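In: how would this look folded up:
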Amino acid sequence: MSVESIIQSIEKLVSVHEELLIISKEKTKIIKEGSIEKLQALLVKERKQTRLLERAELHRQSEVEKWLIKKGISSENVRISNMLTHVEISNDKEKLASVTTELTEKITMLKLQEELNQALLKQSMQFVQLSMELLNPSIANINYGNQNQDSKPIKQSLFDSQV
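Out: Reported below is the predicted structural model:
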């Protein structure tokens, strides 16, 4: 197994993350519009991309594992920085570092976009909750009259002393 196969698997991850970022930006627009139907359709598309991402990550892991076995390196706690020290060809080393940096940037951008979407959804839910509270006032607000008036029952004795 060559480093090139690992680089290709990371490039595949980059492309899947790019697609997820595009979907996430679309999701932001749809959330702002408030279209539930469009959002549901987009979530189906997002799920498909997530499955693709999972498969691409499994492929990358297997490629790295094969490369580590070939090099005789322990596979515990392997990081890209550790791998780079074992790559002999400088061109491959540069390419691996470059594509890994690109992947990290895409992941960071996607995370920020999804945090924005989450904040927008939370704000939408708060608006819906407020609207529901305004449309359905509580029982205490429905009753007319002075709510602060003490309504003490009139005490009547069993024995009428005035008789």
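In: C-alpha only now, for contacts and for neighbours.
Out: OK.
In: residue ranges with poor pLDDT in this structure?
Out: Residue ranges of the chain with pLDDT under 70: 1, 137-163.
In: helices of that one, start to end?
Out: Per DSSP state H, the chain carries helices over the ranges 3-33, 36-71, 80-86, 90-135, 139-142.
In: just name the most buried of those.
Out: helix 3-33 (a mean of 19; mean count of other Cα atoms under 10 Å).
In: distance from that one to the middle of the chain?
Out: Here helix 3-33 is found 14 Å from its chain centre; the criterion is Cα atoms, centre = their mean, to the nearest Å.
In: could you check the angle helix 90-135 makes with it?
Out: 20 degrees (axes from the mean of the first three to the mean of the last three Cα atoms, to 10 degrees).
In: quick check, central residue of the chain?
Out: residue 114 (5.1 Å; Cα atoms, centre = their mean).
In: what sits against the closest residue to that residue other than its chain neighbours?
Out: Take residue 114 and drop its neighbours on the chain: the residue closest to it by Cα to Cα, 6 or more residues apart in numbering is residue 24, 6.5 Å away. By Cα atoms under 8 Å, 6 or more residues apart in numbering, the contact list for residue 24 reads 110, 113-114, 117.
In: leaving out sequence neighbours, find the closest residue to residue 65.
Out: residue 75 (6.8 Å).
In: tell me how many other residues surround the one you found.
Out: 13 (other Cα atoms under 10 Å).
In: let's have the chain start at 55 instead
Out: Let's use 55 as the start, then, which means that last one is residue 129.
In: contacting residues for it?
Out: Contacts of residue 129 (Cα under 8 Å, 6+ apart): 119, 122-123.
In: ok, residue 59 next?
Out: Contacts of residue 59 (Cα under 8 Å, 6+ apart): residue 117.
In: from memory residue 156 sits against residue 68, does it?
Out: Yes - using Cα atoms under 8 Å, residue 156 is in contact with residue 68, at 7.1 Å.
In: now do stretch 90-99: everything it contacts.
Out: By Cα under 8 Å, 6+ apart, stretch 90-99 touches 77, 81, 84-85.
In: I'd like those residues laid out as CSV, including distance to residue 108.
Out: Below are the contacts of stretch 90-99 laid out as CSV (distance: Cα to Cα, whole Å):
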residue, distance to residue 108
77, 17
81, 21
84, 25
85, 26
